Structures are given as C-alpha cells and as structure tokens.
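Engineer: quick one, fold the following:
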Amino acid sequence: MLLRHAKIIMKRHDTLLLVICILLSILYISSKYDKPSTDQKPNEPQPQHEPRLEPNPEPEPKPEPEPEPEPEPIDQLPKDQEPQPLCVIPPLENRNQFTEHFRKKDYNCKSRRDFGVASGGKVVCMDNEMHLEPNDCRVLSFGINNEWSFDDSFAKFGCKVYSFDPTMGKQDHQRSKNVQFFNLGISNITGQRRVGMGRHFGYFDVDRYGHILERIGLTDKTIDYLKLDVELSELDFFQDVFTNTPHLLKNIRQLAVELHHGHRGEGLNKKKRHSEIEALSSKSTLPVFWKYAHQLKCYGFKIFHSLRTGPWTEVVWVRL
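Structural biologist: Next up is the predicted model:
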C-alpha cells in the first residue's frame, strides 16, 4: 500500500517539475527577445536608411565666353577720348600769389622777335625747338580791332594767317595772299553772344575752337602761334577746350593771351569800384584764370613771356 502511494507521489512530482521547466523556458525565451541590443542605447532611435539617390545627369558644358577685346593703345584712341593728365591745382590764397605766378618764367627763350607794333604786337619765341619755319607755319589771330600789324608781319614772314573778329563790320575776305579774314568770334557756343571791345559791344556770331579748326581745315595740323586778344572771351575759350576738346591743345606750339582779369578780378566790369570786388570771391575772375593757367601747365605749356599792362596781363606760353 505504501509503495503504491509512493509511485503516485512521484508521478505528481514529475508532472510538477515538467510544468516548472516549461514555464522557465517560456520566460527565458521572452526575456531574450525583449532585451535591448548591447550596441544600441535604450530609447535611441533606430537608424533610418536614406533613400538611394540616383546620380544626376551630367550638365551640358556651357559655351566658353568670348574674350573681352583688349583696350586700344593710347595712341589709337579717338582724339576726343584721349586720357587727360592728372592735374593738381594749388589753392589761390591771395592776389600777390596770382601776380607772382605770371612773373615767374618756366622757359628761357634764347631768341625772341616782335611781330607787329605797339598794342597790336606780340612776342614770338624763335628757338629751334619751336620749329617756326617760313612758308611752313600757321597762325590763328583772334581779336583784330582794325590793327593788322601782327597779322601782316607773320604773313610777310611766310606763315598762313587766319584772322577773326566779328566786331569790325567786315565780311569774310582774303586780305592778302597769306591773310584770310573771318567775320567770326570765339566762344564756348555756336551761335551769337554779346562780345566786343571798348564801347563797341553787341551780339555777334561766335563759334567754338574745334569747329573753327574744322571750318578752315586745320583740325590735325600744327598751330604754330595762337593769339587771343578777345576782351574776356578767353575764358570761354579755356572753358570749352579744357571741357570738350583738350586733345587739340597738343597741336599748339605757342599761345599768346591777354588776360582781362582787372585789378582785383573785376574783369571788364567798370561799373564797380576795385575795392568792391574781393579778389578771391565768386565774382572775381582771378580764381578762374588761376585754374586755367595751372591746367595749361599740366598740358605742358610753359610761360616764357609776361607783361602787366594796367589791369591786364599779357602772357605767352610755349609747348615743347
């Protein structure tokens, strides 16, 4: 009887052990799959696989840009586009500085000659550097006032002389073999302007320097001597040439100008007393002449003669 009970207990015990073994197996398998990977931290997002990108097609080669044209050499630039020299103009501080500037000679002319007489005459430098040859020279004379000694003297020397004055009441004509007269004045416009001499002022035909050279066929020719005695119209000439046609200055070898600046810069304004004009004010001509004189210097012009005649200054420049 006891043996029978023992066998029953052993069967029950084996069954219990089997159940326990099965439960333990289930727990082990469950814990194995739920345990996080040892090479990945808990709560770390799983790596996302990037989509595979197909390679872009190679772009079509762009056409090479055409090379930029090389700048033209300076000596081939159009004449009205030639580079201008860098010009530093010192400030004008007083009237004495203005006077002293024109007293100082920049060029020592060894051989001088007067062409014309009295107020109509001008000093001419005859140095070899001027290349002033008889029968091969050209002279432009602005401002005649019926005083022909300068023009006739150069004509006798053998130069072709072109004379201009709109205030004499004379029409264009050939005065002599070498002197041609034009009823025309010089200014910074083409048209009519109030010009004159002394009490004889009025509106007359004027033109710009460049246009006048075209008219007489001397645009590309050397001007051996240019004379301006035009009662303050010299300011119009300077303004026009330096602004519009500075390349024409290189063709001038000698430049004679009577500067009508006045005692204190009043110019031709005789209605105002000298003391009423401040020498350096905006109403004075001195700063304007000062600027143009230094611009001439920048273009290679050198003073070889100057003469103070009352309120005016007669100046002759040479350009080598």
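
Engineer: where are the low-confidence patches of the stretch 51-200 of the chain?
Structural biologist: Applying pLDDT under 70 to the stretch 51-200 of the chain flags residues 51-83, 198.

Engineer: so where do the strands sit in it?
Structural biologist: Using DSSP state E, counting those that start in this stretch, the strands of the stretch 51-200 of the chain run over 112-115, 122-125, 138-142, 160-164, 173-174, 179-182, 185-186, 191-197, 200-207.

Engineer: mind putting these in JSON lines, distance to Y225 and mean neighbour count included?
Structural biologist: Just so you know, the C-beta spots here come from the backbone N, C-alpha and C atoms, and that holds for glycine as well. Shown next, in JSON lines, are the strands of the stretch 51-200 of the chain (distance: least, CB to CB, whole Å; neighbours: other CB atoms under 10 Å):
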{"stretch": "strand 112-115", "distance to Y225": "8", "mean neighbour count": "15"}
{"stretch": "strand 122-125", "distance to Y225": "6", "mean neighbour count": "22"}
{"stretch": "strand 138-142", "distance to Y225": "5", "mean neighbour count": "23"}
{"stretch": "strand 160-164", "distance to Y225": "9", "mean neighbour count": "23"}
{"stretch": "strand 173-174", "distance to Y225": "20", "mean neighbour count": "10"}
{"stretch": "strand 179-182", "distance to Y225": "14", "mean neighbour count": "20"}
{"stretch": "strand 185-186", "distance to Y225": "15", "mean neighbour count": "24"}
{"stretch": "strand 191-197", "distance to Y225": "21", "mean neighbour count": "16"}
{"stretch": "strand 200-207", "distance to Y225": "20", "mean neighbour count": "16"}
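
Engineer: quick check: which of these is nearest to H101?
Structural biologist: H101 lies closest to strand 122-125 among these, at 18.5 Å (CB to CB).

Engineer: name the helices or strands packed onto that closest one?
Structural biologist: Using 3 or more CB pairs under 8 Å, 6 or more residues apart in numbering; DSSP states H and E, the elements in contact with strand 122-125 are strand 112-115, strand 225-228, strand 254-259, strand 301-309, strand 312-319.

Engineer: so which of the ones you listed is the most surrounded?
Structural biologist: strand 225-228 (a mean of 24; mean count of other CB atoms under 10 Å).

Engineer: which residues touch S153?
Structural biologist: Listed by CB atoms under 8 Å, 6 or more residues apart in numbering, the contact set of S153 reads F115, G116, G121.

Engineer: count of neighbours near the last one?
Structural biologist: G121: 14 surrounding residues under other CB atoms under 10 Å.

Engineer: one more: the second one?
Structural biologist: Burial of G116 is recorded as 20 neighbouring residues (other CB under 10 Å).

Engineer: ok, now how distant is it from K227?
Structural biologist: 9 Å (CB to CB, to the nearest Å).

Engineer: quick revisit: could you point out which of the strands of the stretch 51-200 of the chain sits nearest Q254?
Structural biologist: Taking the strands of the stretch 51-200 of the chain one by one with CB to CB, strand 122-125 is closest: 6.3 Å.

Engineer: output the closest one as PDB, restricted to C-alpha atoms.
Structural biologist: Coordinates of each C-alpha in strand 122-125 appear next as PDB, following Å, rounded to 0.1, in the frame of the first residue of the first chain:
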ATOM      1  CA  LYS A 122      53.200 140.100 -79.800                       C
ATOM      2  CA  VAL A 123      56.500 138.400 -78.700                       C
ATOM      3  CA  VAL A 124      57.400 135.200 -80.500                       C
ATOM      4  CA  CYS A 125      60.000 132.700 -79.400                       C
END
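
Engineer: now the contacts of S153 in TSV, please, with extra columns for distance to K156.
Structural biologist: What follows is the contacts of S153, written out as TSV (distance: CB to CB, whole Å):
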residue	distance to K156
F115	9
G116	11
G121	13
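
Engineer: from those, which is closest to W317?
Structural biologist: F115 (16.0 Å).

Engineer: go ahead and confirm the closest one touches L132.
Structural biologist: No. Counting by CB atoms under 8 Å, F115 sits too far from L132 to count as a contact (10.5 Å).

Engineer: for the residue lying closest to N108 once chain neighbours are set aside, give me the pLDDT.
Structural biologist: Nearest residue to N108, sequence neighbours excluded (CB to CB, 6 or more residues apart in numbering): F304, at 7.2 Å. For F304, the model assigns a pLDDT of 97.

Engineer: could you do L280 as well?
Structural biologist: 83.

Engineer: SS state for it?
Structural biologist: Here L280 is recorded as coil under DSSP: H, G, I helix; E, B strand; the rest coil.

Engineer: got a list of what it touches?
Structural biologist: Neighbours of L280 in contact, by CB under 8 Å, 6+ apart: L92, E93, N94, R95, G265, L286, P287.

Engineer: surely the last one is in a helix?
Structural biologist: Which is P287. Yes. Counting by three-state DSSP, P287 is found in a helix.

Engineer: which residues touch it?
Structural biologist: Taking CB under 8 Å, 6+ apart as the test, what P287 contacts is L92, G265, L280.
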